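J.: would you be able to build a 3D model of this:
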Amino acid sequence: MSKWTETRDAIVDALNVQDVTEQVKQQVTAAILAEVLPTIGNAVDSFTATTCEQAKTETGWCKIRDGIVLPLVMQGAVYVVKTVLEKTVVQEA
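T.: Numbering: from 1, shown residues only. This next block holds a predicted model:
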């Protein structure tokens, strides 16, 4: 089984509990930070690098979309989600 499948199954198992405790929420958050967000971040970085490169040959609104709007929205969304989740994780001593 792949690491992503194991992580996904662990999250699904954690969400199928009757009583969602703080520990469960912390585990799910940690799994998202460790496994999901890096993969999404890599995909976003690749996509935005490609669109920025294509923007060099675009004109008008498409140049603005490919060079500024899409990278800003996608990278901004990943940054915001990562920052919020990192601030909610309780650091264990």
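
J.: low pLDDT regions in this protein?
T.: 1, 14, 17, 91-93 (pLDDT under 70).

J.: what about 80?
T.: Along the chain, the parts satisfying pLDDT under 80 run over 1-4, 7-8, 10-20, 24, 90-93.

J.: residue 78 versus the residue most central in space within it, what's the distance?
T.: By C-alpha atoms, centre = their mean, the mean C-alpha position of the chain lies nearest to residue 37, the distance being 3.4 Å. Computed as C-beta to C-beta, to the nearest Å, the residue 37 to residue 78 distance reads 7 Å. In short, each C-beta sits where N, CA and C put it, glycine included.

J.: picking that back up, could you pull up the residues touching the spatially closest residue to the residue nearest to the centre of the chain that is not a sequence neighbour?
T.: For residue 37, ignoring the flanking residues on the chain, the nearest one in space by C-beta to C-beta, 6 or more residues apart in numbering is residue 82 at 5.4 Å. Contacts for residue 82 (C-beta atoms under 8 Å, 6 or more residues apart in numbering) come out as 33, 37, 41.
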